[in-house]
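[1] what would the 3D arrangement of this be:
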Amino acid sequence: MSEDNISRLEINGKEIILIGTAHVSKTSAEQVKQVIELEQPDSVCVELDEQRYKSITEGNKWKETDIFQIIKDRKTTLLLMNLAISSFQKRMASQFGINPGQEMIQGIESAKEINANLVLADRNIQTTFSRIWRGIGLKGKLMLLTQVIASIFTRETISEEELEKMKSQDMIDSMLQEFTESFPRLKKPLIDERDQYLAQKIKEAPGDKIVAVLGAAHVPGIKEQIKQDHDLKTLSQLPPKSKIPKIIGWTIPLLIITLIVLTFMTDQQAGWVQIVSWILWNGSLSALGTLIAFGHPLAVLTAFIAAPITSLEPFLAAGWFAGFVQAYFKRPNVQDFENLSNDVHSLKGFWNNKVTRVLLVVIFANIGSSIGTFIGGADVIRLFIENL
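    Reported below is the predicted structural model:
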């Protein structure tokens, strides 16, 4: 058995064995089984949090998903990103006839077989996404969404040999360097902080011998971070929300309303033109976004009606209303949730599945409304200036 991707450490009198894996590699899963059976550790740590552990062990949980609750909790973008990332992994995994995350599943099963403690060592995925999302700015969000969604539709393939090379130290360091250059603010919450979290959880695992099953990208960082102590509570805190979006969210509506009222005081006809312009730009572009997502006709109409109003209310969004209507008339069934993993592999499947259709309606209606707000707002300002 090759030990090229196995690291052995002595920390605080504990023997710690790190297995660097590729998340879609058949040989990684086989190696995990061999190492655990050979070493007979007291604890097995896996790079999973509670949510992903349940997703792996309770595969039918999709059936209980409430699409209305997802919209209400404002988690449509989060779910869409999760689907995009899992789609990329599943497509690669299907090349080699294995399940994505098979090495984690093997770690769970092997821990049970030898009666070792199972430690879910990763940070909550929603905490990680929240720290990423709040820390990369508007430009970073647009770049990230574009790149993640584009990954759904890429048709690139990778050889088993290339996949195995991903587990080598040099290759991983090179990838992380590239990653840092593309998204420098993304690496900290996605890699660095999780290295610290994983390292602390591994170090605190019960027993004298610990085996940790990890994505290879984390091994170099964990080997450094495990030498230090880290506060898990601090690493799990959500960063405070920026006040800028809230300020902008209130400033624009107040400005638009003020300008329309002032225009009405001098020229009622011009004021009505401002209102019509605001309604048409907001409503039309939000409806167009819903149409692009192949939304139900009533969802399109809802977006048109809601957008001019919700654009003046920071706590509401046109996409939520359009999404609720879409989900009501085209409610996803169990089959749609079960087909998600296959449907997100193609553009056609992505648009045809009722689950992703609802997500797209919410997102595209909101994008259209946002664009309409700026264009309609600019026209309101233009008409105000012309009537001074």
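[2] and the closest residue to residue 216 other than its chain neighbours, how close does it get to residue 192?
    Nearest residue to residue 216 in three dimensions, chain neighbours excluded: residue 20, at 3.6 Å (Cβ to Cβ, 6 or more residues apart in numbering). Heads up, the C-betas are built off the backbone N, CA and C, glycines and all. According to Cβ to Cβ, to the nearest Å, residue 20 and residue 192 sit 17 Å apart.
[3] give the buried residues for stretch 288-295.
    Under the neighbour-count criterion of 16 or more other Cβ atoms under 10 Å, stretch 288-295 has 288, 289, 290, 291, 293, 294, 295 buried.
[4] need those residues in TSV (columns: secondary structure and distance to residue 388).
    Below are the buried residues of stretch 288-295 laid out as TSV (DSSP: H, G, I helix; E, B strand; the rest coil; distance: Cβ to Cβ, whole Å):
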residue	secondary structure	distance to residue 388
288	helix	32
289	helix	34
290	helix	36
291	helix	37
293	coil	40
294	coil	44
295	coil	40
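[5] which one of the residues you listed sits closest to residue 223?
    residue 293 (45.3 Å; Cβ to Cβ).
[6] helices and strands around the longest helix anywhere in the chain, which ones?
    Counting by DSSP state H, the longest helix found in the chain is helix 354-386. Counting contacts by 3 or more Cβ pairs under 8 Å, 6 or more residues apart in numbering; DSSP states H and E, helix 354-386 is packed against helix 67-72, helix 76-95, helix 244-266, helix 268-292, helix 297-310, helix 318-329, helix 334-343, helix 347-352.
[7] nearest to residue 130, out of these?
    helix 76-95 (8.6 Å).
[8] how about the helix or strand following the closest one as CSV, C-alpha atoms only?
    Remark: after helix 76-95, the chain's next helix or strand is helix 102-113, criterion DSSP states H and E. In CSV, the C-alpha atoms belonging to helix 102-113 read as follows (Å, rounded to 0.1, in the frame of the first residue of the first chain):
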residue,chain,number,x,y,z
GLN,A,102,-17.2,7.3,-1.3
GLU,A,103,-14.0,7.7,0.7
MET,A,104,-16.0,9.5,3.5
ILE,A,105,-18.7,6.8,3.4
GLN,A,106,-16.0,4.2,3.6
GLY,A,107,-14.5,6.0,6.6
ILE,A,108,-17.9,6.0,8.3
GLU,A,109,-18.5,2.3,7.6
SER,A,110,-14.9,1.2,8.6
ALA,A,111,-15.2,3.2,11.9
LYS,A,112,-18.4,1.2,12.7
GLU,A,113,-16.8,-2.1,11.8
